[in-house]
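J.: Sharing a model prediction with you, sequence too.
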Amino acid sequence: MRIAVLTSGGDAPGMNACIRAVVRKGLCEGMEVVGVRRGFEGLISGDLVVMTSRSVGDILHRGGTILKSARSEEFKTEEGRARALRQIEMNGVDAVIGIGGDGTYRGLASLAAMGVPTIGIPATIDNDIGSTEYSIGFDTVCNTVIDAVNKIRDTASSHERVYVVEVMGRNSGHIAIASGLACGAESILTPEIECTMDEVCARVKDGARQGKTHSIILVAEGANSLARQLCPEVAPGQKVHLIGQEIGRRTGFDTRVIMLGHIQRGGSPSAADRILASRFGAKAVALLIAGEPVSAVLGLFEGVMRSAAFDEALMMKRSCKMEYYELANILSSL
Ligand code: F6P
């Protein structure tokens, strides 16, 4: 059996660990493994490279993806997909393993629909894939945010400031909520949970009355509603600045704004992400060997690895952990 592995969409720490697991488990099982460079773009152009055990040496601890990644517009067209299918046939590829987020899953689902056995492995720092509790990269990004906020808190405390910190999460607040709980954020703003400027400022002022000298407010990138209450036309990059200005004006605290940006996507994967990525990679190969079901996505629920059909997986929604959000608010309100 000749299998292809690709990474697509935004990179996530642990993708390399997963590529390594696919390649080495595949080789152990007597398969031939090829890597596809630049995700679906490479599938269309036939940019394939034969993988050996040595091709994946010294990558377990590295962030990013050695296979490179892209968000392919061409693969969304019928012609692009037809070209990819021709390359799959010409290169004798029997099955494809794709590592990525929801956009990657949609691409993989169309490959599966064209009759190519396909396995999807969840990897996105946003952790917003419905068919798994944890995606590769999520644990590492939370650790990165916590590390950054620890440093910011030193200065916030020394200078008695409010810091408004924007974290990633295009349409979801998973990063903001989990890292907010773990770093004791005084307020967490997410796309899923409505909240007003009065509430945020009241929390800052209540804290000050109780002797708090500084506050951290974590804002998920996709949390639009608060900024829109202040200015309906606000541009994405300006949202967090607008929120910071208004908090400063209303509370009287010296308020600073930090956007953590792409430092969140890089870095050496955490132990949890390396383990998860290794398990997912090996399981994907095992599923292909078993042959049933022919195409599927992998997920983790309460520590147990499960597979689901693409259609089912794409319809599943992952709501944010309200219990974490509420606990974070309780613990930071005193
Ligand atoms: O999906 C992961 C993610 O990092 C989102 O949190 C963010 O909105 C987006 O990718 C940024 O994408 P790009 O790197 O293409 O700007």
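T.: Received the coordinates, thanks.

J.: and the stretch 201-334 of the chain, which residues reach the ligand?
T.: With Cβ under 6 Å from any ligand atom as the criterion, the stretch 201-334 of the chain meets the ligand at residues 221, 265. For glycine as for every other residue, the C-beta is placed from the backbone atoms N, C-alpha and C.

J.: What are the boundaries of the strands in the stretch 201-334 of the chain?
T.: 215-220, 254-259, 296-301, 304-308 (DSSP state E, counting those that start in this stretch).

J.: which of the ones you listed is buried the deepest?
T.: Stretch with highest mean neighbour count among those: strand 215-220 (a mean of 26; mean count of other Cβ atoms under 10 Å).

J.: Sheet-wise, list the partners of that strand with their directions.
T.: strand 161-167 (parallel), strand 187-189 (parallel) (DSSP bridges).

J.: Turn the ones you listed into JSON lines, including mean neighbour count.
T.: As requested, the strands paired with strand 215-220 are exported to JSON lines (neighbours: other Cβ atoms under 10 Å):
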{"stretch": "strand 161-167", "mean neighbour count": "25"}
{"stretch": "strand 187-189", "mean neighbour count": "27"}
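
J.: right, so of these, which gets closest to the ligand?
T.: strand 161-167 (8.4 Å; Cβ to the nearest ligand atom).

J.: Show the contacting residues for the residue of the stretch 1-150 of the chain found nearest the ligand.
T.: Of all residues in the stretch 1-150 of the chain, Gly10 sits closest to the ligand, at 3.5 Å by Cβ to the nearest ligand atom. Gly10 makes contacts with 69, 71, 100-101, 124-126, 265, as judged by Cβ atoms under 8 Å, 6 or more residues apart in numbering.

J.: If any of the residues you listed are buried, give me the PyMOL selection for them.
T.: This is how PyMOL selects the buried members of the contacts of Gly10, with burial counted by 16 or more other Cβ atoms under 10 Å:
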select buried, resi 69+71+100+101+124+125+126+265
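
J.: list the contacts for Lys68?
T.: Per Cβ under 8 Å, 6+ apart, neighbours of Lys68: 7, 37-39, 42.

J.: Would you mind putting these into JSON lines with neighbour count, pLDDT and distance to Glu78 alongside?
T.: Putting these into JSON lines (neighbours: other Cβ atoms under 10 Å; pLDDT from 0 to 100; distance: Cβ to Cβ, whole Å) gives the following:
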{"residue": "Thr7", "neighbour count": "31", "pLDDT": "98", "distance to Glu78": "24"}
{"residue": "Arg37", "neighbour count": "19", "pLDDT": "98", "distance to Glu78": "23"}
{"residue": "Arg38", "neighbour count": "19", "pLDDT": "98", "distance to Glu78": "20"}
{"residue": "Gly39", "neighbour count": "27", "pLDDT": "98", "distance to Glu78": "18"}
{"residue": "Gly42", "neighbour count": "25", "pLDDT": "98", "distance to Glu78": "19"}
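
J.: ok, of the residues you listed, which one's closest to Ala182?
T.: For those, the minimum distance to Ala182 (Cβ to Cβ) is 27.1 Å, reached by Thr7.

J.: out of everything not next to it in sequence, what's closest to the closest one?
T.: Thr65 (4.2 Å; Cβ to Cβ, 6 or more residues apart in numbering).

J.: got the phi/psi numbers for Gly98?
T.: phi -110, psi 140 (degrees, to the nearest 10).

J.: can you start the count at 53 instead of 1 from here on
T.: From this message on, residue numbering opens at 53, which makes the last subject Gly150.

J.: My understanding was that it contacts Leu160; is that so?
T.: Yes. Look at Gly150 against Leu160 with Cβ atoms under 8 Å: they come within range, at 4.4 Å.

J.: Common neighbours of the two, please.
T.: Contacts common to Gly150 and Leu160, judged by Cβ under 8 Å, 6+ apart, are 170-172.

J.: Mark which of those residues are part of strands, please.
T.: 170-172 (DSSP state E).

J.: Now do the contacts for Cys247.
T.: 239, 241, 277-278 are the contacts of Cys247 under Cβ under 8 Å, 6+ apart.

J.: which two in the residues you listed are spaced the farthest apart?
T.: It's Ser239 and Ser277 that sit farthest apart of those, by Cβ to Cβ, at 13.8 Å.

J.: just the strands in the stretch 103-252 of the chain please.
T.: Using DSSP E, counting those that start in this stretch, strands in the stretch 103-252 of the chain cover 147-152, 170-174, 213-219, 239-241.

J.: JSON lines for these, including mean pLDDT?
T.: Converted to JSON lines, the strands of the stretch 103-252 of the chain look like this (pLDDT from 0 to 100):
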{"stretch": "strand 147-152", "mean pLDDT": "98"}
{"stretch": "strand 170-174", "mean pLDDT": "98"}
{"stretch": "strand 213-219", "mean pLDDT": "98"}
{"stretch": "strand 239-241", "mean pLDDT": "97"}
